[in-house]
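> need a structure here:
(chains A and B)
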Amino acid sequence: KAGVTQTPRYLIKTRGQQVTLSCSPISGHRSVSWYQQTPGQGLQFLFEYFSETQRNKGNFPGRFSGRQFSNSRSEMNVSTLELGDSALYLCASSPVTSGGPADTQYFGPGTRLTVL
Amino acid sequence: AQSVTQLGSHVSVSEGALVLLRCNYSSSVPPYLFWYVQYPNQGLQLLLKYTSAATLVKGINGFEAEFKKSETSFHLTKPSAHMSDAAEYFCAVSAQTGSARQLTFGSGTQLTVLP
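Below is the predicted model:
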């Protein structure tokens, strides 16, 4: 099975712009989560989508948003970019079992966003 | 709320020596615990996870971890380090309530393996 894919892998934007990142989950996985990784804050949960609905959201401002399509692919959007948004954005997909929080999350390689 | 503390942001071991990476958790409900590894310019790869089936969990690449409720710990070990083990390791917790798949990560431990 192909793993989680994320596009693009690298992105350079300037302050004030907006950006859209894409994630394709492992085939058959219906849950997609997003995480931000920075040297200062580490790995932080952004949100989870399942069946095209946001199930859970981390402590990020409203500039961070996402969506999920009927084929489980997901996008996240960041508007009005700030320097502090420079980070590695990781997407993870998970099979939906009765385990819920016990389900393993499989991570993609990430998108490296640099805001100038 | 859950939290994870990883003691030691950098650990160095000689090739062939024991690897011990420490993780302590805080959770008001029984937790699910995970260890992930991250190689440079890559995403996270699952090493192992604890879901209450057995306290000693064996993972990939010779790693294992033991869940100790009394110590609120889930330390990662490997009997003999290999050069290819050099990477950053993250411990994570997921609450055993609801259906949310939200991981709370520790700050990570960078493992260096010396020849």
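
> how far does the lowest-mean-pLDDT helix or strand in chain A sit from the chain's center?
The weakest-scoring helix or strand in chain A, judged by mean pLDDT, DSSP states H and E, is strand A:53-57 (a mean of 89). Chain-centre distance of strand A:53-57: 12 Å, with CA atoms, centre = their mean, to the nearest Å.

> quick one: contacts of it?
A:31, A:45, A:46, A:47, A:48, A:49, A:66, A:68, B:99, B:100, B:101, B:102 (CB atoms under 8 Å, 6 or more residues apart in numbering or on different chains). C-beta: built from backbone N, CA, C; applies to glycine.

> Residues of chain A that sit close to chain B?
When proximity is defined as CB under 8 Å from any CB of the partner chain, chain A approaches chain B at A:4, A:31, A:33, A:35, A:42-45, A:48, A:55-56, A:58, A:90, A:92, A:94, A:99-110.

> Would you mind writing the ChimeraX command to select the buried ones in these?
A single ChimeraX command selects the buried members of the residues of chain A next to chain B (16 or more other CB atoms under 10 Å in any protein chain shown):
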select /A:4,31,33,35,43,44,45,48,55,56,58,90,92,94,99,100,101,102,103,104,105,106,107,108,109,110
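
> For stretch B:103-115, buried residues please.
Neighbour-count burial for stretch B:103-115 flags B:103, B:104, B:105, B:106, B:108, B:109, B:111, B:113 (criterion: 16+ other CB under 10 Å).

> tell me, which of those residues make contact with chain A?
B:103, B:104, B:105, B:106, B:108.

> Using the three-state scheme, assign the most centrally placed residue in chain A.
Geometric centre of chain A, nearest residue: residue A:34, 2.9 Å, by CA atoms, centre = their mean. Under DSSP: H, G, I helix; E, B strand; the rest coil, the three-state class of residue A:34 is strand.

> Could you check the pLDDT of the closest residue in space to it that isn't next to it in sequence?
Excluding its sequence neighbours, the residue lying closest to residue A:34 (CB to CB, 6 or more residues apart in numbering or on different chains) is residue A:46, at 4.1 Å. Looking at residue A:46, its pLDDT stands at 96.

> in stretch A:73-88, what counts as buried?
Buried, per 16+ other CB under 10 Å, within stretch A:73-88: A:73, A:74, A:75, A:76, A:78, A:81, A:85, A:86, A:87, A:88.

> ok, now which ones touch the fifth one?
If a contact means CB under 8 Å, 6+ apart, then residue A:78 has A:18, A:19, A:63, A:64, A:65, A:85, A:113 as its contacts.

> May I have the beta-bridge partners of residue A:50?
residue A:31, residue A:53 (DSSP bridges).

> Residue A:89 contacts residue A:113, doesn't it?
Yes - Residue A:89 is within contact range of residue A:113, at 6.1 Å (criterion: CB atoms under 8 Å).

> Who has more neighbours out of these two?
Neighbours were counted for residue A:89 and for residue A:113 using other CB atoms under 10 Å in any protein chain shown; residue A:89 has more, 23 against 20.

> quick one: the more buried one from chain B, how far?
11 Å (CB to the nearest CB, to the nearest Å).

> what's the answer for residue A:67, then?
Distance, residue A:67 to chain B, using CB to the nearest CB: 17 Å.

> so which strand or helix has that residue?
Assigned by DSSP states H and E, residue A:67 falls within strand A:64-68.

> Thanks a lot, see you next time.
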